[in-house]
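Undergrad: sequence-free structure coming up:
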């Protein structure tokens, strides 16, 4: 009987506090994730409120002996970045924290075993092998007894949570894509107390006012990165299903508006499946990492989604319109660029003006290809000289095609130093009094001119101060997790004070 020399309560509490929802919900999410990673085609949940028992069984490949040992070890996870959406045994470990006792049985082609895992105070010193053998085929079975008030003993709530977190697997459009792409070749069925959950869209076809199916691509080669759809319903959608669900392998990671603010957001929903973001998941699978290579991949996807969602909202008259640039905006943009020169931490969002090497068409250059994305125009199309017309180069605020040196293209280009303009565009828009001071929309910072604080600042002659506060608010909110952001706020405003 192996002993685990870890302060179980302290370790698990740290994990539990990272979830944006209650631990009961996290147990269900993690147990299903483990079942999906095991390649199952059916997940069955049995709930007996009178007995106070919750059971989940899958028909996946089960665990071998070594995996079953690791399953019980708090210091080990067999999860590898980019390999599935589960963390080995995390659902059961959370279950021990929640219920105090967990029974697990697993059967694979090479192993059949079971265990009783019991918490004892702050420590988790023992788990015991048992003789339990009930599985008729390969798979894993987990049983726990939560408190009577637990949502895990509420059949209706468990059904809602399955749809909330794994709705793509029950969506007719996306489930078909998962099967065609061999992600889940035979689909995944859910049963709760023997009742099969049907394959139904969030918005019934009869209530769809507008539907847009799309495939997200990147670059001129149109490398696929995601697929999904948006729907405008004729009726209000349940609040927890509003917004666009970002999914990896059928698991909803988060719902997001991508800093777009539709006029009727309570009637809009959708999904986008992005398998490549699986290696950017945080531990709780409720958000994505925002730093390093994973963060760069996430922000590339985010910008493409902003464009896709924004274009659709614009076509159906749901987008808060951005006015044309003004002289006031140009002066404010220049001021922001001066401030950002002193704050390198924020230059990853909007870099400062500088003379930098960019890729220009050049007959004597290296093989290159044409990509597309954010760009700006600079002078210099002839052999790296300053002559010629204006051509687009990356990066920049406008969507355009531009060359990239890659060693195998049909055109030629070279890196040449040019003075390029960086930094955000500033616009003012009517966002409503319940929306934030400002937000980042691609290369725009949108200041909400109908926010109560904006209106008061304008009346009091403090508009510039309010605009700058809104801009740094939008930047820090866009930057997301990371170091303490209050010092950055102070440095931004202090730098302005010294200019």
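TA: Right, received. Where do you want to start? Every value quoted in this text rests on a predicted model; they were computed, and no experiment measured them.
Undergrad: how many residues are close by residue 134?
TA: 9 (other Cβ atoms under 10 Å). Any C-beta I mention is one placed from the backbone N, CA and C, and that applies to glycine too.
Undergrad: one more: the one 10 residues further on?
TA: Burial of residue 144, expressed as a neighbour count using other Cβ under 10 Å, amounts to 26.
Undergrad: tell me if I'm right that it and residue 52 touch.
TA: No: counting by Cβ atoms under 8 Å, residue 52 is not a contact partner of residue 144; they are 9.5 Å apart.
Undergrad: show residues contacting stretch 173-188.
TA: 36, 40-43, 168-169, 199, 201, 213, 227-229, 247, 249-250, 271, 273, 275 (Cβ atoms under 8 Å, 6 or more residues apart in numbering).
Undergrad: go on, stretch 130-143?
TA: The contact list for stretch 130-143, computed with Cβ under 8 Å, 6+ apart, reads 31, 34-35, 38, 40, 53-63, 91-92, 95, 102-109, 112, 114-116.
Undergrad: switch the cut-off to 6 Å
TA: Applying Cβ atoms under 6 Å, 6 or more residues apart in numbering, the external contacts of stretch 130-143 come out as 31, 55-62, 92, 103-108, 114, 116.
Undergrad: from those residues, which would you call buried?
TA: Using 16 or more other Cβ atoms under 10 Å as the burial test, these include 31, 56-62, 92, 103-108, 114 as buried.
Undergrad: out of these, which comes closest to residue 334?
TA: Among those, residue 31 lies closest to residue 334 (Cβ to Cβ), at 54.4 Å.
Undergrad: any idea which element that closest one lies in?
TA: Per DSSP states H and E, residue 31 falls inside helix 23-37.
Undergrad: domains of this protein?
TA: Domains of the chain are assigned by automatic domain parsing as 4-170, 202-315, 327-347+424-498, 360-420.
Undergrad: related to what we said a few turns ago, tell me which of the contacts of stretch 173-188 fall in strands.
TA: Those of the contacts of stretch 173-188 mapping onto strands are 42-43, 213, 227-229, 247, 271, 273, per DSSP state E.
Undergrad: and these as CSV, adding neighbour count?
TA: As requested, the ones in strands among the contacts of stretch 173-188 are exported to CSV (neighbours: other Cβ atoms under 10 Å):
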residue, neighbour count
42, 17
43, 24
213, 11
227, 19
228, 25
229, 18
247, 26
271, 24
273, 24
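Undergrad: any chance of the residues you listed in JSON lines, plus pLDDT and distance to residue 315?
TA: As requested, the ones in strands among the contacts of stretch 173-188 are exported to JSON lines (pLDDT from 0 to 100; distance: Cβ to Cβ, whole Å):
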{"residue": "42", "pLDDT": "98", "distance to residue 315": "40"}
{"residue": "43", "pLDDT": "98", "distance to residue 315": "38"}
{"residue": "213", "pLDDT": "97", "distance to residue 315": "14"}
{"residue": "227", "pLDDT": "96", "distance to residue 315": "19"}
{"residue": "228", "pLDDT": "97", "distance to residue 315": "17"}
{"residue": "229", "pLDDT": "97", "distance to residue 315": "14"}
{"residue": "247", "pLDDT": "96", "distance to residue 315": "24"}
{"residue": "271", "pLDDT": "97", "distance to residue 315": "19"}
{"residue": "273", "pLDDT": "97", "distance to residue 315": "22"}
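Undergrad: does residue 141 count as helix, strand or coil?
TA: Under the three-state scheme (DSSP: H, G, I helix; E, B strand; the rest coil), residue 141 adopts strand.
Undergrad: for it, give the beta-bridge partners.
TA: Note on residue 141: beta-bridge partners by DSSP bridges are residue 57, residue 105.
Undergrad: quick one, phi/psi of residue 211?
TA: Backbone dihedrals for residue 211, given as degrees, to the nearest 10, come out at phi -130, psi 140.
Undergrad: that one touches residue 231, doesn't it?
TA: Yes: the criterion here is Cβ atoms under 6 Å, and residue 211 meets it with residue 231 at 5.1 Å.
Undergrad: neighbour count: these two, which is higher?
TA: Using other Cβ under 10 Å as the criterion, residue 211 and residue 231 rank with residue 231 on top: 22 against 16.
Undergrad: for the more buried one, give me the pLDDT.
TA: Model confidence at residue 231, expressed as pLDDT, equals 97.
Undergrad: hang on, it in a helix?
TA: No: applying three-state DSSP, one finds residue 231 to be strand, outside a helix.
Undergrad: that one bridge partners, please.
TA: Where residue 231 sits in a bridge, its partners, by DSSP bridges, are residue 211, residue 269.
Undergrad: please tell me how far it sits from residue 204.
TA: Separation of residue 231 from residue 204 (Cβ to Cβ, to the nearest Å) stands at 10 Å.
Undergrad: not counting sequence-adjacent ones, nearest residue to residue 274?
TA: Of all residues not flanking residue 274 in the chain, residue 226 sits nearest, at 4.1 Å (Cβ to Cβ, 6 or more residues apart in numbering).
Undergrad: who's in contact with that neighbour?
TA: 216, 272, 274.
Undergrad: cool, residue 202 as well?
TA: Counted by Cβ under 6 Å, 6+ apart, residue 202 has contacts 241, 269.
Undergrad: ranges for the helices of the stretch 151-300 of the chain?
TA: Counting by DSSP state H, counting those that start in this stretch, the stretch 151-300 of the chain has helices at residues 155-166, 172-180, 292-315.
Undergrad: would you list the ones you listed in JSON lines and tack on mean neighbour count and mean pLDDT?
TA: Shown next, in JSON lines, are those (neighbours: other Cβ atoms under 10 Å; pLDDT from 0 to 100):
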{"stretch": "helix 155-166", "mean neighbour count": "18", "mean pLDDT": "96"}
{"stretch": "helix 172-180", "mean neighbour count": "16", "mean pLDDT": "95"}
{"stretch": "helix 292-315", "mean neighbour count": "18", "mean pLDDT": "89"}
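Undergrad: quick one: closest of these to residue 148.
TA: Nearest of the helices of the stretch 151-300 of the chain (Cβ to Cβ): helix 155-166, 13.5 Å.
Undergrad: tell me the angle that closest one makes with helix 23-37.
TA: Interaxial angle of helix 155-166 relative to helix 23-37 (axes from the mean of the first three to the mean of the last three Cα atoms, to 10 degrees): 60 degrees.
Undergrad: show me the contact partners of helix 155-166.
TA: So helix 155-166 is contacted by 25, 28-29, 47, 151, 190, 192, 240, 250, 252 (Cβ under 6 Å, 6+ apart).
Undergrad: I would like a PyMOL command selecting only the buried ones among the residues you listed, please.
TA: Here is the PyMOL command that selects only those of the contacts of helix 155-166 that count as buried (16+ other Cβ under 10 Å):
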select buried, resi 25+28+29+47+151+190+192+250+252
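Undergrad: quick one: least confident of the contacts of helix 155-166?
TA: Among the contacts of helix 155-166, residue 240 has the weakest pLDDT, 92.
Undergrad: list the residues that contact it.
TA: By Cβ under 6 Å, 6+ apart, the contact set of residue 240 is residue 164.
Undergrad: could you report the distance from it to residue 204?
TA: When residue 240 is compared with residue 204 (using Cβ to Cβ), they lie 18 Å apart.
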